[in-house]
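K.L.:
what's the 3D shape of this:
(one chain, ligands or ions: 2)
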Amino acid sequence: MVNVLVVGSGGREHALSWKLSQSSKVDTVFTAPGNGGTQNNVSIDVNDLDALSDFAQKNKCFTVVGPEDPLAAGIVDKFTKLGLKIFGPSRGAAQLESSKIWAKDFMKRNNIPTARFEIFDDAKKATDYVKSLDYNVVVKADGLAAGKGVIVCNSNDDAISAIDMILVKKTFGSAGNRIIVEERIDGIEASYIALSDGDVAIPMASSQDHKRIFDGDSGPNTGGMGAYSPTPVIDDALAKTIHDEIIEKTIHAMKNEGISFRGFLYAGIMIRNGQPYVLEYNVRMGDPECQPITMRMDFDLYDYFSACVEGNLSSLPAPAWKPQYAVCVVLASKGYPGSYQKDLEITGLDQVPNGSIVFHAGTKKLNEKIISDGGRVLGVTALGDTLDSAIKNAYLASEKVSWPEKYCRKDIGQKGMSYL
Ligand code: AMP
Ligand code: GLY
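P.N.:
Ligands and ions are numbered 1, 2, ... in the order given. The predicted structure is shown next:
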């Protein structure tokens, strides 16, 4: 039996802790810092690598890292040096997410399909370039900018003000010292997430996120307002293309460049005319994609994490998935992704029907009450034999839970319905 330490505090980490605690090989699952829904919370910040490694050492933990920041800061390198087992990519491998420029150059030299692009650190040159193009662009800050450093432009004026905001006004600080100006690809977006031990990759179930705050994919981008799995947008043939031409190619190219990629590899995909393009890599599970994907897992997740760390993933059978659809509706605080009120009591959690799961994100426990403590507060997740019934079950459960400032999208999963 082994203890597990899950690093993070979101819905993704609650889902991972929930699944890992079902393993017959796992003793106690700790979560640092966790939230109002996770058990055995340890009050350590995700970026306090010294305190995390001390805790893992003292409690003989196998560590699983949820978010990107500690990965980019080298938590895996540090733990590995100390002889601690940890699931996630090294700092070098995490560059696929932590530097968008590194990732674009990597894709270019390895022929991995992605939008055409140029890199700039000079606003005038970037502006002249935009003016010379006959297509719309997306302007991206190079570094981690809490998901806000990407501006999708509808005109040259949009692009010029995005360039000014990032390179001149430094809205994202040093994450915006350099920018990517790339072709805007109009198509259908989906998430494809795989697990790798550095040599082979096995796909997780396909999924689709809903990134904008309002119904019909309007309004500003968020961390994700809901997700479902599997998605009909990725059929078997397309899944094979993505797996072979993007995921396996990435893992092998990384290895050839001397970087072993161990962990979740998440490709944000845009599908245009049936062809997939990589919009971005993430080196972790998606949030909220993790919640419906985890709910469909019919295998021991710890076995797979352990095999990634040991480098023997190929010895495990293909993972089994529940045949049902799963839908996760994010309940957020009104105002998110802008400012919002916190510290409001959440009621009705005990009314949620059996079989639906409420994964906590921005919550905390106070005197046995659950209090709102963030923008994305809960992820209500349910299964159904059809996508339609999974959507109905997730909304039925969502309606039981309330607090004065609750907001959710009403159309999670409808993008998939229009495809069936
Ligand atoms: P990223 O963080 O790079 O995934 O970008 C955030 C969002 O911007 C994506 O989820 C897409 O909706 C959009 N986006 C990024 N790159 C492009 C692109 N080349 N064409 C169209 N939309 C894009
Ligand atoms: N749901 C998008 C992400 O995790 O980046």
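K.L.:
so the spatially most central residue of the chain, which state does it fall into?
P.N.:
Centroid-nearest residue in the chain: Gly286, 1.8 Å away (criterion: Cα atoms, centre = their mean). Recorded secondary structure, Gly286: coil (DSSP: H, G, I helix; E, B strand; the rest coil).
K.L.:
check contacts around it.
P.N.:
By Cβ atoms under 8 Å, 6 or more residues apart in numbering, Gly286 lies in contact with 12, 191, 193, 207, 209, 224, 227, 266. In short, each C-beta sits where N, CA and C put it, glycine included.
K.L.:
from these, which is closest to Thr171?
P.N.:
Gly224 (21.9 Å; Cβ to Cβ).
K.L.:
quick check: phi and psi at the closest one.
P.N.:
The phi/psi pair for Gly224 (degrees, to the nearest 10) reads phi 130, psi 120.
K.L.:
got it, and the one 3 residues further on?
P.N.:
According to degrees, to the nearest 10, the main-chain angles of Ala227 amount to phi -150, psi 160.
K.L.:
hey, what's it bridged with?
P.N.:
Beta bridges link Ala227 to Asp209, Cys328, judged by DSSP bridges.
K.L.:
rewinding a little: drop anything exposed from the contacts of Gly286.
P.N.:
Applying 16 or more other Cβ atoms under 10 Å to the contacts of Gly286, the neighbour count classes 12, 191, 193, 207, 209, 224, 227, 266 as buried.
K.L.:
nearest to ligand 1 among those residues?
P.N.:
For the buried ones among the contacts of Gly286, the closest approach to ligand 1 (Cβ to the nearest ligand atom) belongs to Asp209, at 7.8 Å.
K.L.:
pretty sure that closest one contacts Ser229?
P.N.:
No: contact between Asp209 and Ser229 fails when scored by Cβ atoms under 8 Å: they sit 10.2 Å apart.
K.L.:
show me whatever sits in contact with both of these two.
P.N.:
Residues touching both Asp209 and Ser229 by Cβ under 8 Å, 6+ apart: Glu289.
K.L.:
scan the chain for its longest helix.
P.N.:
Once the chain is assigned using DSSP state H, the helix that runs over the most residues is helix 387-400.
K.L.:
pull the distance from the helix or strand just after it to the chain's centre.
P.N.:
Sequence-wise, the next helix or strand downstream of helix 387-400 (DSSP states H and E) is strand 406-407. Between the centre of strand 406-407 and the centre of its chain there are 22 Å (Cα atoms, centre = their mean, to the nearest Å).
K.L.:
do the same with stretch 201-218
P.N.:
Once both centres are worked out by Cα atoms, centre = their mean, stretch 201-218 turns out to sit 10 Å from its chain's centre.
K.L.:
what about it, near ligand 1?
P.N.:
Yes: with Cβ under 6 Å from any ligand atom as the measure, stretch 201-218 is seen reaching ligand 1 through Lys211.
K.L.:
coming back round to it: could you export the buried ones among the contacts of Gly286 as TSV, including distance to ligand 2 and pLDDT?
P.N.:
Shown next, in TSV, are the buried ones among the contacts of Gly286 (distance: Cβ to the nearest ligand atom, whole Å; pLDDT from 0 to 100):
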residue	distance to ligand 2	pLDDT
Arg12	7	98
Ser191	7	92
Ile193	9	97
Ser207	9	95
Asp209	4	96
Gly224	3	96
Ala227	7	98
Tyr266	7	97
